[in-house]
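Q: A structural model of the following input is requested.
(one chain, ligands or ions: 3)
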Amino acid sequence: MTKTFFVTGTDTDVGKTISCMALLQAATQRGLRTVGYKPVASGCELMEEGLCNRDVVMLQRAASIKLPYDQVVGYAFEPAVAPHIAAEASGVPIRFDVLSDGLRQLKQTDADILFVEGAGGWRLPVGHGHFLSDWVKFEDMPVILVVGARMGCLNHAMLTYEAIRHDHLNLAGWCINQIHQGMSHYQENLDTLQALLPAPFLGEIPYLARPHESDLGQYLDISPLLD
Ligand SMILES: Nc1ncnc2c1ncn2[C@@H]1O[C@H](COP(=O)(O)OP(=O)(O)OP(=O)(O)O)[C@@H](O)[C@H]1O
Ligand SMILES: C[C@H](N)[C@H](N)CCCCCC(=O)O
Ligand SMILES: [Mg+2]
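A: Ligands and ions are numbered 1, 2, ... in the order given. Below you'll find the model as predicted:
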């Protein structure tokens, strides 16, 4: 049985990918076999591997089970815009059965744990009146929330928590990521979140000069996810 978690964030660009890498590394350091999945991606660039979405490549590299790029992504749209807009422009609608097929394939590997990175924040539109959160609900995945430490994150964190609960899903844990250096009253903000968010705190990722090249696993304690 592959334990599966959906990783959302308080917004786009808050460190979901960095946190997924940290989760994958922390799990690998505990001897677990790990994989990542990015069901919906937008924004592709020329990388060593060709025209790729950077998040997908990062998840692919951070996982202990090495899988081909195509297996780690559902849809990767080229323009770096909201995915439903890119989907409309390219004439390729986002289908939940395609996302679920990809997920099922990854669960069929011998992975112990699978982290699925969302796109944007919790209520991301995917077109035709649907949201990525509808798919998470359909798959009944426990959720991990990444709070990007910046002014406004308290409101975003609480609204995201309320929306997850409204969707009858479980917040399995949350972490905070210092996307900026030296946020004013960082500790007080963290204390506030710890008092208000009724879910296990997995840890804090500090501001790092080269986050993608760091040992990120050391910053998160994934034991609450393994109970
Ligand atoms: N702890 C950190 N220290 C320094 N820079 C960071 C940190 N976390 C994230 N960043 C930088 O902030 C940017 C956004 O991070 P990331 O790509 O992980 O966000 P995201 O939530 O996954 O974004 P998206 O919504 O596009 O998937 C990246 O350039 C990343 O390198
Ligand atoms: C391009 C960006 N980095 C992400 N891939 C997409 C973020 C979409 C956000 C949509 C929104 O909620 O406004
Ligand atoms: Mg990302």
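
Q: what number of residues are in the vicinity of residue 96?
A: Here the count is done by other CB atoms under 10 Å, and residue 96 has 16 residues near it. C-beta: built from backbone N, CA, C; applies to glycine.

Q: could I get the phi/psi values of it?
A: Taking degrees, to the nearest 10, you get phi -70, psi -30 for the backbone angles of residue 96.

Q: what's the helix or strand residue 76 falls within in contact with?
A: Element membership of residue 76, judged by DSSP states H and E, is strand 73-77. Strand 73-77 has contacts (CB atoms under 8 Å, 6 or more residues apart in numbering) with 37-44, 52-53, 56, 83, 86-87, 90, 92, 94, 98-99, 102.

Q: where do the helices of this structure begin and end?
A: 16-29, 54-62, 69-72, 83-90, 96-107, 132-139, 153-166, 186-196, 223-226 (DSSP state H).

Q: figure out which of those helices is closest to residue 208.
A: Smallest distance to residue 208 across the helices of the chain (CB to CB): 8.3 Å, for helix 16-29.

Q: counting by contacts, list what the closest one packs against.
A: strand 3-9, strand 34-42, helix 54-62, strand 113-117, strand 143-148, strand 171-177, strand 201-205 (3 or more CB pairs under 8 Å, 6 or more residues apart in numbering; DSSP states H and E).

Q: now these in CSV, with distance to ligand 3, mean pLDDT and mean neighbour count?
A: Conversion of these to CSV gives the following (distance: least, CB to the ion, whole Å; pLDDT from 0 to 100; neighbours: other CB atoms under 10 Å):
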stretch, distance to ligand 3, mean pLDDT, mean neighbour count
strand 3-9, 8, 99, 23
strand 34-42, 8, 98, 26
helix 54-62, 4, 97, 21
strand 113-117, 6, 99, 26
strand 143-148, 9, 99, 27
strand 171-177, 11, 98, 24
strand 201-205, 14, 98, 20
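
Q: would you turn those into a markdown table with distance to ligand 1?
A: Below are these laid out as a markdown table (distance: least, CB to the nearest ligand atom, whole Å):
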| stretch | distance to ligand 1 |
| --- | --- |
| strand 3-9 | 5 |
| strand 34-42 | 8 |
| helix 54-62 | 5 |
| strand 113-117 | 7 |
| strand 143-148 | 7 |
| strand 171-177 | 5 |
| strand 201-205 | 5 |
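
Q: looking at those, which is closest to residue 128?
A: Proximity to residue 128 (CB to CB) singles out strand 34-42 among the helices and strands packed on helix 16-29, at 13.8 Å.

Q: what pairs with that closest one, and is each one parallel or antiparallel?
A: Sheet partners assigned to strand 34-42 using DSSP bridges are listed as strand 73-77 (parallel), strand 113-117 (parallel).

Q: quick one: closest of these to residue 127.
A: strand 73-77 (10.9 Å).

Q: stretch 14-22 near ligand 2 at all?
A: No - legend: contact between stretch 14-22 and ligand 2 by CB under 6 Å from any ligand atom is lacking; minimum distance shown is 9.5 Å.

Q: and that stretch with ligand 3, contact?
A: Yes - shown here: stretch 14-22 in contact with ligand 3 (CB under 5 Å from the ion) through 16, 17.
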